[in-house]
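K.L.:
got a predicted model here, sequence first, then my questions.
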Amino acid sequence: MRYLVILLLTVALCFGAQSLALRLAGGRTLKSESNFFSSLGRIQAGAHAKQKIMVLGSSITGRLPDSAQGFAGISNMGCDGGNGIDTLRAIDNGILPSAPWMFVEANALGLSLTNKPTEISKTMKGPWFQLGIGHPSVSAYGRPAAFFYSNLLARKIGAFPREEAERGFQTGTAPVLLGQPSHPDLTSVETALISEVSAIIQRLQRSGSKFIFVWLPPARPDSKPPEWITALAESSHSYWWDLGQNVPLQDVKLTDGVHMDAASATRTTGDLLRAIQYLEQHPR
């Protein structure tokens, strides 16, 4: 009996220390030993926080600072190896909560044209994922390895300076509604995906959510966005914002040719927050 009491006290102390460490870290850790666990933890934390703004996307979105770094009201739901459609489907199925405002990163939406389920999307359907949303102690971002790797990441990339968020990229652009669908020449796969995703978005819109498809930095090689993505924004009555295409390449600092460094990611988060502020002041 004495050993059982000691064991229970030890477990309680461990969970207490873990909870304190999470609070000191801003509510979640930033990195795990793999991109897979980093993504799961990021999405679990974003769902648990229930912020006003969710940013759904790929690993490009995954670099953005959110409420865990002191940017109140925004949750980063980026998933490495996936995209915003994975999280949209999970929201539609009741696995994840919705939010009043939802950005959907456009950069990696093409991954869903393969119609192959990602590891992230399959794992989100499991009971452990759901348990981790409600109980951070058993989440992917509460694991001991996550604290260790987050510390290493912080040393490598540095802070997310608030002055960079206030500065932004100063493109002078804002999300716009594109009007009636233009019916471009689409493939059958693109048409089917547009139909599915539009139906999901319209169901969530009836519950009060508003959507913005955004192309994040860096800019595309081609100036014109993929027609099927703008057709998706049009058919779902969502906003479209070609933010990345309006940012000069020399203003965006990348770590590997694709992903933004801490300063550029922070400037992007600042622009996203200001876009919501603008739309709330100029409703359409």
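P.N.:
Ah, there it is. Please read these numbers as outputs of a predicted model, since none were measured by experiment. Numbers count the residues shown, from 1 in each chain.
K.L.:
and Q245, what is it in contact with?
P.N.:
By Cβ atoms under 8 Å, 6 or more residues apart in numbering, Q245 lies in contact with W215, A219, R220, S223, P225. Yep, even glycine has a C-beta here, placed from its N, CA and C like the rest.
K.L.:
pretty sure the third one sits in a helix.
P.N.:
No: when the secondary structure is assigned by DSSP: H, G, I helix; E, B strand; the rest coil, R220 falls in coil instead of a helix.
K.L.:
nearest spatial neighbour of it, chain-adjacent residues omitted?
P.N.:
Distance criterion Cβ to Cβ, 6 or more residues apart in numbering; nearest residue to R220, sequence neighbours excluded, is Q245 at 6.3 Å.
K.L.:
if I look at that neighbour, how far off is L113?
P.N.:
21 Å (Cβ to Cβ, to the nearest Å).
K.L.:
element containing L56, please.
P.N.:
strand 53-57 (DSSP states H and E).
K.L.:
helices of this structure, residue ranges please.
P.N.:
In the chain, the segments counted as helices under DSSP state H are 2-24, 35-49, 59-62, 84-92, 119-123, 127-134, 144-157, 162-167, 188-206, 227-235, 262-281.
K.L.:
CA-only coordinates of the fifth one in CSV, if you can.
P.N.:
Only the C-alpha atoms of helix 119-123 are listed here, as CSV (Å, rounded to 0.1, in the frame of the first residue of the first chain):
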residue,chain,number,x,y,z
GLU,A,119,-1.2,10.1,-42.0
ILE,A,120,-2.3,13.2,-40.1
SER,A,121,-5.9,12.8,-41.4
LYS,A,122,-6.0,9.1,-40.4
THR,A,123,-4.6,9.8,-36.9
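K.L.:
in terms of pLDDT, where does the residue nearest to F103 when sequence neighbours are not counted sit?
P.N.:
Take F103 and drop its neighbours on the chain: the residue closest to it by Cβ to Cβ, 6+ apart is V55, 4.5 Å away. pLDDT for V55: 98.
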